[in-house]
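Novice: Here is my input; please provide its structure:
(one chain, ligands or ions: 1)
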Amino acid sequence: MTETIAGNVFQQDAVDELAAQLTGSVFTPDDPGYAAEVTGFNLLSQHRPLLVVAVADPADVQATVRFAATHGLPVGVLATGHQPFPLAEGFVLITTGRMRSVVIDAAGATARVEAGGVWGDVVDAAQTAGLTPLNGSSAGVGVVGYVLGGGLSPVLGRKYGWAADHVAAIEVVTADGRFRRLTADTEPELFWGMRGGRSNFGVVTAIEIELFPVSDFYGGGLFYPAEQAETVLHAYRDVVHSAPDELTCSVALLNFPPLPQIPEMLRGKSVAHVRVAFLGSAEDAETLIAPLRDIGPALIDAIGPQPYSAFAAVHQDPTDPAPYEEASTLLAELPAAAVDTILAKVGPQSGGAVTVVEVRHLGGALSEKLPGSSAIAARDARFTVWGATVGPPEAISAGAELLNSLIEALNPWTTGRTYQNFTSREDTADSIFTPDDLERLKDIKTLYDPANLFRVNNHNIVPWTARREV
Ligand SMILES: Cc1cc2nc3c(=O)[nH]c(=O)nc-3n(C[C@H](O)[C@H](O)[C@H](O)COP(=O)(O)OP(=O)(O)OC[C@H]3O[C@@H](n4cnc5c(N)ncnc54)[C@H](O)[C@@H]3O)c2cc1C
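Specialist: Here you go, the predicted structure:
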C-alpha cells in the first residue's frame with residue numbers, strides 16, 4: 001500500500017517495520033479489526049485514521065509517536081470514545097483499550113491506572129481497601145480522559161474538589177518520543193499543563209491518582225412526571241441554595257425513547273430526574289432534600305443508603321454506545337429566570353426533541369484553587385448545564401439545534417467558559433481556559449510539541465508560531 005498524505009509518502013514497508021517493533025497491533029482501513037478499533041461510545045464519531053495502533057505498553061506508544069513524527073502525521077488518542085470530537089482523517093490513532101491494569105496502594109491511598117483503565121475497575125479495586133477515587137457518574141468512562149479534563153464527581157466533587165487536582169504522577173510519552181514520569185517536583189510546568197491540556201502534550205501511559213476513605217453514601221434518584229418539572233426545578237434551586245459540601249444534587253429533564261430496555265414505567269415518557277448523593281446520615285440527608293420530598297410522591301423513589309460501589313445508580317447513565325450530539329455551558333448562578341429559560345426551551349411542552357438536559361451543582365471544594373492546582377478553569381462556575389440529543393444523524397438535527405439555542409439563551413448567566421469534559425468542539429481552547437492559563441499552556445505546547453503533532457481528537461492548544469525559542 002502506498003498513500004500520499006499532505007505530500008508524505010507512507011508505505012506498507014514502513015507500517016510493517018512499525019508493526020514488527022510492537023507488542024500491540026496495527027490496523028489499516030482494510031483490516032477486519034479496524035472498524036471496531038475506531039468505534040467508541042458515541043457512534044457519531046467514527047474517525048478515519050490512516051493507521052490505528054492498539055498499544056500494549058509504553059514502548060509501543062514511543063514507537064508509534066516516533067513513526068508519526070517521522071512521517072509528518074498528526075496523532076490522536078482514543079480510550080473509550082466517551083468524548084466525541086468532529087470526525088478526523090489522515091492521522092495515526094493510538095487506542096489504549098489493551099492497557100487496563102489497576103494497582104491500588106492502600107497505605108499510600110493512591111491508584112496507578114494504565115491508559116485504558118475505566119472507572120468501574122478502579123472503584124471495585126479501591127473499595128476492597130475501603131477507598132474510592134473521585135470518579136464520575138458512569139462506570140464505563142475512561143480514567144485518563146476524565147481526570148485530565150477536570151473530573152467532576154457527582155458524589156465527592158463538592159467535598160474533595162476536581163480529580164485533576166488530586167493526581168500524584170503522570171507517565172507520558174511526549175512528541176519527541178521520550179517517556180517521562182511527571183510529578184509536582186519533576187517537570188512541574190508540564191505536570192500542571194497536562195491536567196487540563198490532556199493529549200495536547202503527549203500520550204499518557206499511566207496515571208497515579210489519590211483515593212479517599214469513603215465506602216458508602218446516602219442517595220440515588222427520584223423520578224417525577226414531566227408535568228411537575230417546573231415545581232421540581234424550583235425545589236432543586238431551594239435545596240442547592242444552602243447545601244453543605246457533603247450534598248451533591250443534580251436534576252435532569254429526560255425524554256425516554258420507547259425502547260424495550262427502558263423500564264415500562266418510564267418507557268416513552270418525559271420525566272424530571274433528581275439525583276442525590278450525601279456523605280452523612282440518612283436523617284440529615286432527608287432534612288436537606290425536604291423541599292423535593294414536599295413535591296409529593298415520585299414515580300420512582302430510589303433514594304436510600306448505598307455502598308459506594310453503587311455510585312452509577314445516582315445518574316443512571318446509559319451504558320450502551322449510541323449516536324448523540326452534546327452541548328454545554330457553565331453558569332455563575334442559577335436564578336429563577338435561568339430555570340424558567342430551561343423550562344421554556346426544553347420543558348415538557350417542547351416535544352421531546354432533546355433527549356436530556358441536566359443541571360449539576362458545583363461550588364464547595366470545586367471552587368478552590370490550592371497551591372499545586374491544575375489548569376482546570378471552571379472554579380468560578382456554580383452550575384453546569386449539559387444536554388444531548390440521541391439518535392441516528394438524520395433524526396437528531398432538530399434536537400441539536402434546540403439544544404444550541406438553549407445554551408445561547410443561558411448566556412446572561414454564563415461564566416463565559418465551558419467545562420472541558422462536557423465539550424465536544426475542537427476549537428474551544430479559548431472558551432475552556434482562562435486567558436492567562438491559555439498563554440501558559442501555549443508556552444508549554446511550544447516547548448514540548450512545537451510541530452503540533454498532537455492536534456487530533458482534542459481541544460487543540462496551538463503552539464506559538466513566532467515564539468519557537470520559548
Ligand atoms: C455517560 C457519560 C457520563 C459522564 N460523566 C462524567 C462525570 O460525571 N464527570 C465528568 O467530569 N465527566 C463526565 N463525562 C465526560 C467524560 O469525562 C469525558 O468525555 C472524558 O473525556 C471521557 O474520557 P474517555 O477516555 O472515556 O473518552 P475518549 O473519548 O476515549 O477520550 C477523551 C479524550 O481524552 C484524551 N485522552 C484519552 N486517553 C488519553 C491518553 N492516554 N493520553 C492523553 N489523552 C488522552 C483525549 O484527548 C481524548 O480525546 C461523562 C461522559 C459520558 C458520555
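Novice: Name the SS class of residue 206, please.
Specialist: For residue 206, the secondary-structure state derived from DSSP: H, G, I helix; E, B strand; the rest coil is strand.
Novice: I misspoke; the intended subject was residue 275.
Specialist: Going by three-state DSSP: residue 275 is strand.
Novice: mind checking how far it is from the ligand?
Specialist: Distance check for residue 275 against the ligand: by Cβ to the nearest ligand atom, to the nearest Å, it reads 10 Å. C-beta here means a position set from N, CA and C on the backbone, and glycine is covered the same way.
Novice: Can you give me the neighbour number for that residue?
Specialist: Residues lying near residue 275 (other Cβ atoms under 10 Å) number 24.
Novice: which residues touch it?
Specialist: 154, 219, 220, 221, 249, 250, 251, 252, 314, 315 (Cβ atoms under 8 Å, 6 or more residues apart in numbering).
Novice: Which phi and psi values does the nearest residue to the first one once chain neighbours are set aside adopt?
Specialist: Leaving out its chain neighbours, the residue that sits closest to residue 154 by Cβ to Cβ, 6 or more residues apart in numbering is residue 137, at 4.9 Å. Phi and psi for residue 137, reported as degrees, to the nearest 10, are phi -80, psi -20.
Novice: wait, doesn't residue 137 sit right on residue 315?
Specialist: Yes - between residue 137 and residue 315 there is a contact under Cβ atoms under 8 Å: 3.7 Å.
Novice: what do those two both touch?
Specialist: The overlap between the contact sets of residue 137 and residue 315 (Cβ under 8 Å, 6+ apart) consists of residue 154.
Novice: Give me the buried positions along stretch 162-179.
Specialist: Buried residues in stretch 162-179, counted by 16 or more other Cβ atoms under 10 Å: 162-175, 177.
Novice: still on that earlier bit, ok, and which of the contacts of residue 275 reach the ligand?
Specialist: With Cβ under 6 Å from any ligand atom as the criterion, the contacts of residue 275 include residue 154 near the ligand.
Novice: quick one: which of the contacts of residue 275 sit in helices?
Specialist: Counting by DSSP state H, the part of the contacts of residue 275 found in helices is 314, 315.
Novice: ok, so of the contacts of residue 275, who is nearest residue 48?
Specialist: residue 315 (32.0 Å; Cβ to Cβ).
Novice: Tell me which residues touch that closest one, please.
Specialist: Contacts for residue 315 (Cβ under 8 Å, 6+ apart) come out as 137, 138, 154, 221, 250, 252, 275.
Novice: can you do 7 Å?
Specialist: Contact partners of residue 315, counting by Cβ atoms under 7 Å, 6 or more residues apart in numbering, are 137, 154, 275.
Novice: Just the pLDDT for it.
Specialist: If you check residue 315, the pLDDT there is 96.
Novice: picking up where we left off before, if we look at the ligand, which of the buried residues of stretch 162-179 are close to it?
Specialist: Among the buried residues of stretch 162-179, the ligand is touched by none when using Cβ under 6 Å from any ligand atom.
Novice: Tell me which entries of those residues lie within helices.
Specialist: Among the buried residues of stretch 162-179, no member falls in helices (DSSP H).
Novice: Among those, which one sits closest to residue 95?
Specialist: Closest to residue 95, out of all of these and judged by Cβ to Cβ, is residue 173, at 14.5 Å.
Novice: Beta-bridge partners for the closest one, please?
Specialist: residue 179, residue 203 (DSSP bridges).
Novice: My guess is it contacts residue 182. True?
Specialist: No - Residue 173 is beyond contact range of residue 182, at 11.5 Å (criterion: Cβ atoms under 7 Å).
Novice: contacting residues around the helix or strand containing residue 60?
Specialist: Assigned by DSSP states H and E, residue 60 belongs to helix 58-70. For helix 58-70, contacts defined as Cβ under 7 Å, 6+ apart pick out 18, 21-24, 53, 55, 75, 92, 94, 171, 173, 175, 177, 179, 203, 205, 453.
Novice: could you dump the following helix or strand past it to PDB, C-alpha only?
Specialist: Proceeding N to C from helix 58-70, the next assigned helix or strand is strand 75-78, under DSSP H and E. C-alpha atoms of strand 75-78 as PDB (Å, rounded to 0.1, in the frame of the first residue of the first chain):
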ATOM      1  CA  VAL A  75      -1.500  11.700  16.400                       C
ATOM      2  CA  GLY A  76      -4.800  11.300  18.200                       C
ATOM      3  CA  VAL A  77      -5.700   9.100  21.300                       C
ATOM      4  CA  LEU A  78      -8.800   7.100  21.900                       C
END
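Novice: which secondary structure elements does strand 75-78 contact?
Specialist: For strand 75-78, the packing partners by 3 or more Cβ pairs under 7 Å, 6 or more residues apart in numbering; DSSP states H and E come out as strand 92-95.
Novice: so for the helix holding residue 60, what's the average pLDDT?
Specialist: 97.
Novice: still on that earlier bit, got the contacts of residue 315 as CSV, with distance to residue 410 and pLDDT columns?
Specialist: Supplementary listing: the contacts of residue 315 in CSV, determined by distance: Cβ to Cβ, whole Å; pLDDT from 0 to 100:
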residue, distance to residue 410, pLDDT
137, 21, 97
154, 21, 98
275, 20, 98
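Novice: in the stretch 351-470 of the chain, which spans are helices?
Specialist: Remark: helices assigned in the stretch 351-470 of the chain by DSSP state H, counting those that start in this stretch are 393-409, 429-432, 435-448.
Novice: for the first one, which positions count as buried?
Specialist: Judged by neighbour count using 16+ other Cβ under 10 Å, the buried positions of helix 393-409 are 396, 399, 400, 402, 403, 406, 407.
Novice: Give the other helices and strands that that helix contacts.
Specialist: Using 3+ Cβ pairs under 7 Å, 6+ apart, helix 393-409 sits against strand 324-331, helix 336-346, strand 383-390.
Novice: So which bits of the stretch 1-150 of the chain are right by the ligand?
Specialist: Residues of the stretch 1-150 of the chain lying near the ligand (Cβ under 6 Å from any ligand atom): 40-41, 77-83, 85, 96, 115, 136-138, 141-142, 144-146, 149-150.
Novice: Return the subset of those lying in strands.
Specialist: The members of these that map onto strands under DSSP state E are 77, 78.
Novice: If you go by neighbour count, which of the residues of the stretch 1-150 of the chain next to the ligand are buried?
Specialist: Buried members of those, scored by 16+ other Cβ under 10 Å, are 40-41, 77-83, 85, 96, 115, 136-138, 141-142, 144-146, 149-150.
Novice: List the residues that contact residue 213.
Specialist: Residue 213 touches 130, 131, counting by Cβ under 7 Å, 6+ apart.
Novice: What about the residues of the stretch 1-150 of the chain next to the ligand, which are in helices?
Specialist: Using DSSP H, these in helices are 144, 145, 146.
Novice: tell me the contacts of the first one?
Specialist: Neighbour list for residue 144: 79, 115, 204, 207 [criterion: Cβ under 7 Å, 6+ apart].
Novice: that older thread, just the buried residues of helix 393-409 now: which is nearest residue 238?
Specialist: residue 406 (22.4 Å).
Novice: ok, residues contacting stretch 293-307?
Specialist: Residues outside stretch 293-307 that contact it (Cβ under 7 Å, 6+ apart): 215-225, 228, 231-232, 235, 265, 271, 276, 282, 313.
Novice: hang on, the earlier thing: looking at the helices and strands packed on helix 393-409, which is nearest to residue 361?
Specialist: With Cβ to Cβ as the criterion, residue 361 lies closest to strand 383-390 of the helices and strands packed on helix 393-409, at 6.1 Å.
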